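Participant: got a predicted model here, sequence first, then my questions.
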Amino acid sequence: MSIHIEAKKGEIAPTVLLPGDPMRAKWIAETFFDNPVLYNDVRGMFGYTGTYKGKPVSVQGTGMGAPSISIYIHELINEYDVQKLIRVGSAGSYQKDVNIRDIVIAMSSSSNSSMNELPFTGETFAPTANAELFLAAINAAKEKNIPVKAGNILTSDVFYQEDPEYYKKWAKYGVLCVEMETASLYTLAARFNVKALSLLTISDSLVTHETTTSDERAETFKEMIEIALAII
Ligand SMILES: O=P(O)(O)O[C@H]1O[C@H](CO)[C@@H](O)[C@H]1O
Ligand SMILES: O=c1cc[nH]c(=O)[nH]1
């Protein structure tokens, strides 16, 4: 048991999918895993272990934002020996040609999060995806005929920006979309020498103000989860 996860040692697989929403964790386990077993409901942050095509795999909700995901990542790596972490999240588009329902694979993550400033005391760390997982995800998407986009994203501490034009500051440097966890995932994976990748589905656009319904989100999340499960 760790402070925020009540699983016993050995109950969590070496590979864990990480959605922000604990209900998405439940949906992933019930839809894709064989024999899913709930190992955590501390704070309602569901975690399940099952198998996919015979391989052990877990899924753990992380909550929203860098501080929350950092707690789960710390405990998964340091208390449960997790080696591979694959975020499966939603994101807001920062570009005209990144449309709702598109899948984005985060090669790297820029950030305005203090979680990524504090350890580096005024210098800059570049949070980067694991190359092996990244290439595997690109290949899996190709094989499945699922179109994906890849590039730099933004991890933000702020969901409701006061300035509606804030996104332009990042968009002009080619940043594809915004979410709230990937920079911490990549930084902690580097710190503890494990593999990490973030797959994101665009749920709304800061450019066009389009949004998806929850039903549509579930459907498109399905393709993202299929890519994630292909690389476990
Ligand atoms: O859908 P999830 O994985 O929670 O990801 C995105 O959605 C939340 C904001 O609504 C933030 O956690 C953001 O990163
Ligand atoms: O606009 C959005 C959509 C999803 N997640 C975010 O952090 N922002």
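Facilitator: Received the coordinates, thanks. Residues are numbered from 1 along each chain as shown. Ligands and ions are numbered 1, 2, ... in the order given.
Participant: centroid residue for the protein?
Facilitator: residue 87 (2.3 Å; C-alpha atoms, centre = their mean).
Participant: list the helices and strands the helix or strand where that one lies packs on?
Facilitator: Taking DSSP states H and E as the definition, residue 87 sits inside strand 84-93. In terms of contacts (3 or more C-beta pairs under 8 Å, 6 or more residues apart in numbering; DSSP states H and E), strand 84-93 is packed against strand 15-18, helix 66-78, strand 177-179, helix 182-191, strand 195-205, helix 214-230. Using the backbone N, CA and C atoms, a C-beta is placed for each residue, glycine as well.
Participant: list the contacts of the residue nearest to the centre of the chain.
Facilitator: 17-19, 62, 69, 181-182, 185, 196-200 (C-beta atoms under 8 Å, 6 or more residues apart in numbering).
Participant: swap in 6 Å and give it another go.
Facilitator: By C-beta atoms under 6 Å, 6 or more residues apart in numbering, the contact list for residue 87 reads 18, 185, 198.
Participant: same question for residue 38.
Facilitator: Counted by C-beta under 6 Å, 6+ apart, residue 38 has contacts residue 48.
Participant: kindly report the same for residue 65.
Facilitator: Residues in contact with residue 65 (C-beta under 6 Å, 6+ apart) are residue 180.
Participant: please determine how far it is located from residue 173.
Facilitator: 23 Å (C-beta to C-beta, to the nearest Å).
Participant: number of nearby residues for residue 34?
Facilitator: 11 (other C-beta atoms under 10 Å).
Participant: same check on residue 92?
Facilitator: Quick note: residue 92 (other C-beta under 10 Å) scores 22 neighbours.
Participant: what about it, distance to ligand 2?
Facilitator: 2 Å (C-beta to the nearest ligand atom, to the nearest Å).
Participant: ok so, going back, adding mean neighbour count and mean pLDDT, write the helices and strands packed on strand 84-93 out as TSV.
Facilitator: Below are those laid out as TSV (neighbours: other C-beta atoms under 10 Å; pLDDT from 0 to 100):
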stretch	mean neighbour count	mean pLDDT
strand 15-18	26	98
helix 66-78	21	98
strand 177-179	27	98
helix 182-191	24	98
strand 195-205	24	97
helix 214-230	18	87
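Participant: so where's the chain shaky on pLDDT?
Facilitator: Counting by pLDDT under 70, the chain contains low-confidence ranges at 218-219.
Participant: near ligand 2, which residues of this structure?
Facilitator: When proximity is defined as C-beta under 6 Å from any ligand atom, the chain approaches ligand 2 at 90, 91, 92, 159, 178, 179, 180, 203, 204.
Participant: the second one against residue 180, yeah?
Facilitator: No. The criterion here is C-beta atoms under 6 Å, and residue 91 misses it with residue 180 at 9.0 Å.
Participant: ok so, going back, right, so of the helices and strands packed on strand 84-93, which gets closest to residue 44?
Facilitator: Comparing the helices and strands packed on strand 84-93 by their distance to residue 44 (C-beta to C-beta), the top pick is helix 66-78, with 12.4 Å.
Participant: contact partners of the closest one?
Facilitator: For helix 66-78, using C-beta under 6 Å, 6+ apart, the contacting residues are 2, 4-5, 16, 60, 62, 82, 113, 115, 181, 184, 188, 192, 194.
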